[in-house]
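Asker: coords below, sequence missing:
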């Protein structure tokens, strides 16, 4: 069987759904092929024994705020979709050996909380934040949705946002720099430097010296200028809205449609072959799979220039994350904030987050702790034992730090790294340190 489309998208993660829905909005005939039984990729939700778990992101800001610069909010607005959210503040608490810091979206409240740990450090942090907020003020006049990865970028920026670009000239060095460079300029206090490193790590997986400055500027800007919120229904609510937008504009989502191969003829993409040998033709294929899966499993080595392939596959991967999903009794936890980060003395952190969910016959908060740990090549039974061992800090150091009677509350416990049934690989992403490399380009040598 052969069917023809304008564009094929492999994978229905947030990126794949956004790409497919926007192309459908602009009149393209789009089909998204998803190997799993549900859409969403790493942002999916699942249920076990009446508990509903959310495996998606833990920090949302501006999803329902029409004045927010959140690109996802802009996409939903274009598609004619919206989601209902719950607004909350503080974002959560960072638990240091010295004490617990509430993380407020309001800049003044946040600085006042930091001042209780270090008065001088709070003054330095204010200067640091002001510097980043000036960068945010310049960047916000160029909407992220206007950015693109082809030669049209420069004409569009000069034609529509020329004045905004002039305003950004004083910040050009920061746009291409790291957070660490700005931190070195303003912050000397060791405790605040550790706090900034933690904020960067939670956002990018890297410390301040490896995190791009605009990323953190955007985070501080949105956190203080918009609202911190959580989508009712979890990450699945966002996925459902994107699927509705895709189908509203004529796009198609195909579940249980595992792509075996991207088809290349005479150096050009012509479509994909699904498991079961069904062929779908299209002159454009967008892969929402990882770099490594796309270039080692979906494409043959001879489909790409050797130098391009080797360079792309040399992209360093982030270390793995262990996720400990807990279904708990919620009695007495009304004052427990939504997100918790526990930093141990030797520098590792356990991140815990409470979810808005419910169980049959009662309506508890759900905890979703995640413990950062190095990748492990161990497999089989030994790997399961290793996961059990590595999950202990979440209980012994993190969970009991803020959750009364943590073990006795537990009703359901699931341990694992984020992986969807039927997916090709453990979840991982590119880890490129600022000023030390770039991620591979979005356009490969096989595009038309």
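Answerer: Sure, I can see it. All of these numbers come straight from a predicted model, not from anything done at the bench.

Asker: chain center to stretch 231-238, what's the gap?
Answerer: Distance of stretch 231-238 from the chain centroid (CA atoms, centre = their mean, to the nearest Å) equals 14 Å.

Asker: in that stretch, what's buried?
Answerer: Buried residues in stretch 231-238, counted by 16 or more other CB atoms under 10 Å: 231, 233, 234, 235, 236, 237, 238. In this view, the C-beta of every residue, glycine as well, is placed from N, C-alpha and C.

Asker: contact partners of stretch 115-131?
Answerer: Contact with stretch 115-131 is made by 96, 98-99, 101, 107, 111-112, 114, 174, 182-183, 185-189, 191-192, 195-196, 220, as judged by CB atoms under 8 Å, 6 or more residues apart in numbering.

Asker: among these, which ones are buried?
Answerer: For the contacts of stretch 115-131, buried by 16+ other CB under 10 Å: 96, 101, 107, 111, 114, 174, 182-183, 186-187, 189, 191-192, 195-196, 220.

Asker: and the least confident of those residues?
Answerer: When the buried ones among the contacts of stretch 115-131 are sorted by pLDDT, the bottom entry is residue 174 at 84.

Asker: ok, it - contacts?
Answerer: Applying CB under 8 Å, 6+ apart, the residues near residue 174 are 131, 135, 181, 182, 213, 214, 217.

Asker: how does it look with 7 Å?
Answerer: Counting by CB atoms under 7 Å, 6 or more residues apart in numbering, residue 174 touches 135, 182, 213.

Asker: and for the last one, the neighbour number?
Answerer: Read that as residue 213. Around residue 213 there are 24 other residues, counting by other CB atoms under 10 Å.

Asker: which residues does it contact?
Answerer: With CB under 7 Å, 6+ apart, residue 213 has these contacts: 135, 174, 175, 177, 178, 179, 182.

Asker: looking at the residues you listed, which are in helices?
Answerer: 135, 174, 175, 179, 182 (DSSP state H).

Asker: and those, which is closest to residue 224?
Answerer: Nearest to residue 224 among the ones in helices among the contacts of residue 213 is residue 135, at 13.3 Å by CB to CB.

Asker: ok, the closest one - contacts?
Answerer: 171, 174, 213, 214, 217.

Asker: now with 8 Å, please.
Answerer: 171, 174, 175, 213, 214, 217.

Asker: any idea how far it is from residue 211?
Answerer: Counting by CB to CB, to the nearest Å, the gap from residue 135 to residue 211 is 13 Å.

Asker: and residue 263, what element?
Answerer: Using DSSP states H and E, the element containing residue 263 is strand 259-265.

Asker: dihedrals phi and psi, residue 9?
Answerer: phi -110, psi 130 (degrees, to the nearest 10).

Asker: only the buried residues of stretch 200-217, if you could.
Answerer: So, applying 16+ other CB under 10 Å, buried residues of stretch 200-217: 200-202, 204-214, 216-217.

Asker: that stretch: end-to-end distance?
Answerer: End-to-end distance for stretch 200-217, by CA to CA, to the nearest Å: 11 Å.

Asker: same question for stretch 249-262.
Answerer: First-to-last distance for stretch 249-262 - CA to CA - comes to 25 Å.

Asker: repeat that for stretch 291-309.
Answerer: 10 Å.

Asker: what residues of it count as buried?
Answerer: For stretch 291-309, by 16+ other CB under 10 Å, it's 291, 292, 293, 294, 295, 296, 297, 298, 299, 303, 304, 309.

Asker: re the thing from before, so which of the buried ones among the contacts of stretch 115-131 are in strands?
Answerer: Members of the buried ones among the contacts of stretch 115-131 lying in strands (criterion: DSSP state E): 96, 101.

Asker: re earlier: save the contacts of residue 213 as TSV, and put in distance to residue 143 too.
Answerer: TSV is the format used below for those (distance: CB to CB, whole Å):
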residue	distance to residue 143
135	16
174	19
175	16
177	22
178	24
179	23
182	24
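
Asker: from residue 68, how far off is the most centrally placed residue in the chain?
Answerer: Closest residue to the average C-alpha location of the chain: residue 57 at 5.7 Å, with CA atoms, centre = their mean. With distances taken as CB to CB, residue 57 is found 15 Å from residue 68.

Asker: before we move on, what about residue 298?
Answerer: Counting by CB to CB - residue 298 and residue 68 are separated by 35 Å.

Asker: go on, residue 243?
Answerer: Applying CB to CB to residue 243 and residue 68 gives a distance of 22 Å.

Asker: can you check residue 230 too?
Answerer: From residue 230 to residue 68 the distance is 15 Å (CB to CB).

Asker: ok, now residue 189?
Answerer: For residue 189, the distance to residue 68 - CB to CB - is 31 Å.

Asker: now do residue 176
Answerer: Distance from residue 176 to residue 68, by CB to CB: 25 Å.

Asker: for residue 144, same thing?
Answerer: 11 Å.

Asker: of these two, give the one with the bigger neighbour count.
Answerer: Regarding residue 144 and residue 68, a neighbour count based on other CB under 10 Å identifies residue 68 as having more, with 20 against 14.

Asker: what helix or strand is the more buried one located in?
Answerer: Judged by DSSP H and E, residue 68 forms part of no helix or strand.

Asker: fine by me, thanks again.
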